[in-house]
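1. Take this sequence and fold it.
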Amino acid sequence: MRKALLGIALAAIVMLLLPTMAFAADPAARIGSTDYDTLFDAIIAVQPGETIVLLRDVAEAESFTFGVADDFTIDMNGYDWDLLGEHLIVQGGHLVIDNGGTLVLDFIDVGSGGTLEITAECLWEAYIDVFDSSTFILHGDLVVTDGDGIHARYSSTVEIYGNVTITRGEYTVISAFTGSTVYVSGNVIGEGQEDLGVECSGGAEVTIDGEDFLILRADDIYAVFA
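-> Below you'll find the model as predicted:
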């Protein structure tokens with residue numbers, strides 16, 4: 001009788017635990033041997049020189065600002081990362097986002113001499129603004145769905161190893177000003193907008209190796225189009 005009662009009690013405990021076990025979220029990221037429930041938690045914990053590795057697709061409505069002391073890598077491990085309309089700001093420091101599936105966000109600001117290097121297919125809603133002697137490097141195609149593309153200002157560098165497409169917006173796909181340098185290995189395409197293209201001035205340099213592009217305005221420009 002006691003064994004029967006014990007068996008019933010154990011079964012009841014298991015049944016109570018099953019919902020928790022079934023719906024417990026898998027960890028989102030890992031640093032070394034430590035797992036984190038969210039990528040946000042991992043970014044808060046990461047130290048200079050360390051690597052955050054994604055363990056699954058991540059969709060978190062978090063904005064991130066990185067400063068001069070930040071120097072680390074986010075290894076997307078082939079997964080997708082969706083910031084759900086939020087953005088990344090790199091003010092100094094060095095951030096590498098590597099080995100990605102698709103990176104989805106609103107906009108990116110890179111300033112104060114910062115460096116951001118991404119290897120992923122990227123879907124932007126608004127724009128990328130790179131300024132104050134900063135560097136942005138993307139290995140992958142870039143699609144901007146509702147904005148004015150890429151701005152390079154004040155002696156900054158932008159390198160895109162892929163195609164750049166803007167599907168909706170009122171301004172230019174690429175704007176380069178005041179001694180900045182922009183390189184695109186593929187095509188620069190404005191879909192459905194006749195006035196989208198490349199605009200640069202103030203000694204800017206733009207190089208586009210692809211066949212498709214449109215010059216909107218070029219004042220005081222050094223540009224090479226293959």
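
2. residues touching the residue nearest to the spatial centre of the chain, list them.
-> Note on the chain: the residue nearest the mean C-alpha position is Leu103, at 5.2 Å, using C-alpha atoms, centre = their mean. Taking C-beta atoms under 8 Å, 6 or more residues apart in numbering, we find Leu103 in contact with 76, 80-81, 97, 118, 120-123. To be clear about C-beta, it is placed using only N, CA and C from the backbone, and glycine gets the same treatment.

3. and what of Ala59?
-> 81-82, 84.

4. Pull out the buried members of those.
-> 81-82 (16 or more other C-beta atoms under 10 Å).

5. Kindly indicate which of the contacts of Ala59 lies nearest Thr207.
-> Of all the contacts of Ala59, Thr207 sits closest to Trp81, with 29.1 Å by C-beta to C-beta.

6. Okay, and the beta partners of that closest one?
-> Assessed by DSSP bridges, Trp81 has beta-bridge partners Val58, Leu103.

7. isn't it right next to Ile118, touching?
-> No. Applying C-beta atoms under 8 Å as the test, Trp81 and Ile118 come out as separate, 10.3 Å apart.

8. which regions of this protein sit below the pLDDT cut-off?
-> Confidence mapping of the chain against pLDDT under 70 gives the ranges 1-24, 168-172, 190-197, 212-226.

9. re earlier: hey, what's in contact with both of Trp81 and Ile118?
-> 97, 100, 103.

10. how many neighbours does the nearest residue in space to Asn163 that is not next to it in sequence have?
-> Of all residues not flanking Asn163 in the chain, Gly186 sits nearest, at 3.8 Å (C-beta to C-beta, 6 or more residues apart in numbering). Counted by other C-beta atoms under 10 Å, the residues lying close to Gly186 total 18.

11. Look up which helix or strand Gly186 falls in, please.
-> Gly186 belongs to no helix or strand when assigned by DSSP states H and E.

12. the helices in the chain, which residues?
-> For the chain, the helices defined by DSSP state H cover 2-23, 39-45.

13. Against which helices or strands is the last one packed?
-> Judged by 3 or more C-beta pairs under 8 Å, 6 or more residues apart in numbering; DSSP states H and E, helix 39-45 is in contact with strand 29-31, strand 34-36, strand 51-54.

14. ok so, going back, and the gap between the residue nearest to Asn163 and Ile208?
-> 8 Å (C-beta to C-beta, to the nearest Å).

15. go on, Asp98?
-> Asp98 is 25 Å from Ile208, by C-beta to C-beta.

16. Look at the two and report which has more neighbours.
-> Neighbour count, other C-beta under 10 Å: between Asp98 and Ile208, Ile208 has more, with 23 against 16.

17. quick one: Met76 and Gly100 touch, right?
-> Yes. At 3.7 Å, Met76 and Gly100 qualify as touching, with contact defined as C-beta under 8 Å.

18. who's more crowded, these two?
-> Set Met76 next to Gly100 and count neighbours by other C-beta under 10 Å: Met76 wins out with 25 against 22.

19. joint contacts of Met76 and Gly100?
-> Common neighbours of Met76 and Gly100, counting by C-beta under 8 Å, 6+ apart, are Ala120.

20. First-to-last residue distance for stretch 158-173?
-> End-to-end span of stretch 158-173 (C-alpha to C-alpha, to the nearest Å): 13 Å.

21. Same check on stretch 78-91?
-> 26 Å.

22. Kind regards, and thank you for your time.
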